[in-house]
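Participant: Please find the sequence and the predicted model below.
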Amino acid sequence: MFLTLKKYALIYREFFATCLAEATSYRLHFVLLIVMDLLFYATTLTTVDFIYQHVSAVGSWDRHQFLFFLAFLLTVDQLHMTFVSESFWVLSASIRNGDLDFLLIKPVNLYFLIFLRHIRPASMLLCSVTFFLLWHYGVLAGLSTIQFMLLPLLLFLALLLLVSIEIFISASMFWLVEGTGVNFLRMQLQQVSRWPDFVFYGLPRRFFTFVIPVLLIGNAPVQFLFSPFDYHSLLFMIVLIGFFWFMIELTWNKALMQYESASS
Amino acid sequence: MSSRRLMWIQTVKVALSNLLAYRVNFFLLVIGPALVFFFVKYSLWSSIYEQQGNRELAGMNRETMLGYQAMVLIVSLLAQGHNSTRLAEDIRLGRITAYLMYPFSLFEFHASSFIALQAVQLLTSAVVFMLALSLGLFAKVNLAFIGQGLILCCFVSILWFLIQYCIGLMAFWLEQTWVMRVLFQIVAQFLSGSILPLEFFPDGLRNILMYSPFPYLTWVPARAMLTGEESLLYGTGILMFWIVCAALLARLIWKKGLTMYTGAGM
């Protein structure tokens, strides 16, 4: 077990080193990535701030609670962009041009190779900004020390659910000739997840809670933080993570059978 | 029919068949994002207005807000669908060498793709408009206002195409141009009133923004279609000014870029 962990840690260190070397070769791209993320934070937070200039509450949340929720999701988003996001874009290209062959023959876990291979060092730098926002709005929302201590675990669970849903969906790339559209679908699901669940009603709310549960990504952990006795959503989220990994095993086995290895 | 016109028609036809070759992908790439964006805003504003007892916010009641958001969807489908991914890829992979020798320039080729996309988007937005109308999202529809908004949308789409073209040409210098495209998208969505109508912006910021092209990308055409309050002549004049600026910039970038071009990837 220890040897396996050590092996994967060493591989991951190599992944990081190559990604860092690549990122620093294109310095303007590196800077633009940082500017892009900063602008995204600014517009997201300002949108909600402008809304609260006209209303005192949205749902049951005041300005600080809503901004804390956004900071939580921005942090999940930032971690996702740093460690996983790029790999999904590479996957669609790899399936199309047959580069996936090289990953399939390696004696390393396939999910590890596909989804953790590409890291964005520029986004990693900005994690500090989102952590600061999380702390800042957490203080304004009145979070206690214990609630702050729970944050890393909740962030991890939120990221894990998001990635699990996305890996499950990305299996469809094997059936579609062009997988870029699936990546755009992922981005649209992320957009839905960035709003509180009480904004949605009826069928859409049920769909995004039970079928493609993107609304749980931010809502379940944040609602648990605001009212710890409301832990049912969080438990459901943990069950769903397990369920999605079961489904991933099923669908990915079928999906790989569809792979035609375009290059060979 | 002149051979030039025939070239344009044939290239548009090829672009059209390319667009529709992967229909699921086209839907997920171009139509899906606009629909999801609308769905989120519709849900958000419905929820906010319900909580506020349908009182007016920034001079807009529930009906005008939902009508505005539906018009934003129409404008974004009609005028903001084009992107320059293909152009950037062509430059990066050295494929534009062929266009330097063809009697049909790279700009003309991409303008043909733009025309093909507009034809599809015109049909899509007509369907979406009828759907929105049947769902009662527009309190009242004035055909003159709609016509006025459509004319503005034509100019917006040309400006959007030229901006995207400039971004695509940046591939002469940048390894990847998608960051520039997303950057522009983030700024344009926020400052053009796509997310929040400009009525929700502080007065000072709104006044400054009116000197930029952003409000004319979404807020002005959407309001023109809804209320007819925006002057068509003034709006088209401003858009024409920015179109000329963008065209000159594209020409400049192209000239400078060609001096950098090595034809790598041939």
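Facilitator: Alright, I've got the coordinates.

Participant: nearest residue to the residue in the stretch 51-200 of chain A positioned nearest to chain B other than its sequence neighbours?
Facilitator: Going by C-beta to the nearest C-beta, chain B is nearest to A:Gly181 of the stretch 51-200 of chain A, at 3.1 Å. Where you see a C-beta, it was placed from the backbone N, CA and C, and this is true even at glycine. Leaving aside its chain neighbours, A:Gly181 sits nearest to B:Leu28 (3.1 Å; criterion: C-beta to C-beta, 6 or more residues apart in numbering or on different chains).

Participant: Can you give me the pLDDT of the residue of the stretch 51-200 of chain A closest to chain B?
Facilitator: Note on A:Gly181: pLDDT of 85.

Participant: what comes up buried for the helix or strand harbouring it?
Facilitator: Using DSSP states H and E, A:Gly181 sits in helix A:180-193. Buried residues in helix A:180-193, counted by 16 or more other C-beta atoms under 10 Å in any protein chain shown: A:Thr180, A:Gly181, A:Val182, A:Asn183, A:Phe184, A:Leu185, A:Arg186, A:Gln188, A:Leu189, A:Gln190, A:Val192, A:Ser193.

Participant: same thing with stretch A:159-175?
Facilitator: Buried residues in stretch A:159-175 (16+ other C-beta under 10 Å): A:159-174.

Participant: picking that back up, does the residue nearest to A:Gly181 fall in a helix, a strand, or a coil region?
Facilitator: Following DSSP: H, G, I helix; E, B strand; the rest coil, B:Leu28 is assigned to helix.

Participant: Show me what from chain B comes close to chain A.
Facilitator: Chain B comes close to chain A at residues B:22, B:24-29, B:32-33, B:36-37, B:39-40, B:43-44, B:46-48, B:51-52, B:57-58, B:173-176, B:179-180, B:182-183, B:186-187, B:189-190, B:195-196, B:200-202, as judged by C-beta under 8 Å from any C-beta of the partner chain.

Participant: what does the stretch 101-250 of chain A put close to chain B?
Facilitator: A:176-178, A:180-182, A:184-185, A:187-188, A:191-192, A:195, A:198-201, A:204.

Participant: Can you name every helix or strand that the least confident helix or strand in chain B by mean pLDDT contacts?
Facilitator: Lowest on mean pLDDT, DSSP states H and E among the helices and strands of chain B sits helix B:23-26, with a mean of 81. On a contact count with 3 or more C-beta pairs under 8 Å, 6 or more residues apart in numbering or on different chains; DSSP states H and E, helix B:23-26 meets helix A:180-193.

Participant: where's the helix it packs on relative to the chain centroid, distance-wise?
Facilitator: 11 Å (C-alpha atoms, centre = their mean, to the nearest Å).

Participant: next structured bit after it?
Facilitator: helix A:202-206.

Participant: Touching that next one from outside, list them.
Facilitator: Residues outside helix A:202-206 that contact it (C-beta atoms under 8 Å, 6 or more residues apart in numbering or on different chains) are A:Asp197, A:Leu215, B:Phe39, B:Ser43.

Participant: one step back: surely the residue nearest to A:Gly181 touches A:Val182?
Facilitator: Yes. Counting by C-beta atoms under 8 Å, A:Val182 is a contact partner of B:Leu28 at 6.9 Å.

Participant: Using CSV, list the CA coordinates for stretch A:204-224.
Facilitator: C-alpha atoms of stretch A:204-224 as CSV (Å, rounded to 0.1, in the frame of the first residue of the first chain):
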residue,chain,number,x,y,z
PRO,A,204,-35.4,21.6,-12.7
ARG,A,205,-34.6,21.6,-9.0
ARG,A,206,-35.3,17.9,-8.6
PHE,A,207,-33.4,17.1,-11.8
PHE,A,208,-30.3,18.9,-10.6
THR,A,209,-30.5,17.5,-7.1
PHE,A,210,-31.3,13.8,-7.8
VAL,A,211,-30.4,13.0,-11.5
ILE,A,212,-27.4,15.2,-12.2
PRO,A,213,-26.8,16.5,-8.7
VAL,A,214,-24.8,19.6,-9.4
LEU,A,215,-26.9,21.7,-7.0
LEU,A,216,-25.5,19.6,-4.1
ILE,A,217,-21.9,20.6,-4.9
GLY,A,218,-22.1,23.9,-3.1
ASN,A,219,-25.4,23.8,-1.4
ALA,A,220,-25.0,20.7,0.7
PRO,A,221,-21.7,21.7,2.4
VAL,A,222,-22.7,25.4,2.9
GLN,A,223,-26.1,24.6,4.2
PHE,A,224,-24.5,22.2,6.7
